[in-house]
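**Student:** Just the structure for this:
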Amino acid sequence: MPVGQPTDLVHKIESSGYYPELVADALEIALADEEVGAHLVHGETTFDVDTIRRHLSVVVLTPSRLIFVHADDHGGDAEHGDEAHGIVTSEAVPISAVRSVMVTHVVSRPEKYRKGRLGRELTLTIGWGAVNRVDLEPAGCADPQCEADHGMTGSITADDLSLRISADAEGESALRDAIAFAKALSARTATTYLR
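**Tutor:** Numbering: from 1, shown residues only. Next comes the predicted model:
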C-alpha cells in the first residue's frame, strides 16, 4: 500500500480496475507525503464511433491542497500510434486558489422531495481558474422585424473539473462519497476564505 494513502482510498482505486498501480503511484508523487483528508474516486467510460475509452479521476483534499489525478486510455490513433497507452496527469492546486465549488443535484419528482434525500445524481464542479469556457452567441432583441447587428452575448464559466455521479449507474455509495467530498471541500474552502 502506498505511504500516506488511506486504506479505503487504495481499495477504491484498486476496485476501479483501471491501472490501479499506475494511478496510485501518480497520486503518491502528487501527495508529496501530505496527509489525505478527503477523497473521491470516479470512473467513467465514454463511447466514440468506433472506440471505447475509460477514464479515472481521483480527487484528494489535503491540509493545504486539492489534488486531481486523471487517467485516460489512448492508442490506435495518429498521435499515439497503434499501441495502447495509459496517460495519467496530476495537478496540485493550493486550497486558497480554489475559486468555486458547485454541486448540482438532480431530483426526480421534486414535489415529493423529502429532507435529506438529495436526489439520485449530482454534478460536482470545481473551479480554480486554470480552465475557463467561453460560450458566445449572436445577441438579438425582442423585435422580430429587427435586422440590426446586436453584437455577441455570452458567458465565461470556470470549468476546471466537473464530475457527474449517478446512484443509478454507479451505486448509492458513489453518490454518498461524492456528497461527503463536496461537503469537506466546501468546508475547507470556506475556512480558507475566512482567514
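
**Student:** Go ahead and confirm residue 22 touches residue 89.
**Tutor:** No - the pair formed by residue 22 and residue 89 falls short of the contact definition of CB atoms under 8 Å, at 11.7 Å. All C-beta atoms are positioned from the backbone trio N, CA, C, and that covers glycine.

**Student:** Who has more neighbours out of those two?
**Tutor:** Taking residue 22 and residue 89 together and counting by other CB atoms under 10 Å, residue 22 has the greater number of neighbours (16 against 11).

**Student:** how about the strands in this protein?
**Tutor:** Along the chain, the segments classed as strands by DSSP state E run 38-47, 52-61, 65-74, 85-94, 100-106, 121-127, 132-138, 152-158, 161-166.

**Student:** To residue 146, which of those lies closest?
**Tutor:** When those are compared by CB to CB, strand 132-138 sits nearest residue 146, at 12.1 Å.

**Student:** Show me what that closest one pairs with in its sheet, parallel or antiparallel.
**Tutor:** When pairing is defined by DSSP bridges, strand 132-138 lines up against strand 152-158 (antiparallel).

**Student:** Averaged pLDDT, the strand it pairs with. What do you get?
**Tutor:** When the per-residue pLDDT values of strand 152-158 are averaged, the result is 72.

**Student:** hang on, the earlier thing: which residues are common contacts for residue 22 and residue 89?
**Tutor:** Counting by CB atoms under 8 Å, 6 or more residues apart in numbering, the residues touching both residue 22 and residue 89 are residue 71.

**Student:** ok so, going back, export the strands of the chain to TSV and append columns for distance to residue 28.
**Tutor:** Output for those, formatted as TSV (distance: least, CB to CB, whole Å):
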stretch	distance to residue 28
strand 38-47	13
strand 52-61	11
strand 65-74	10
strand 85-94	10
strand 100-106	25
strand 121-127	22
strand 132-138	30
strand 152-158	28
strand 161-166	20
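
**Student:** Many thanks, we can stop here.
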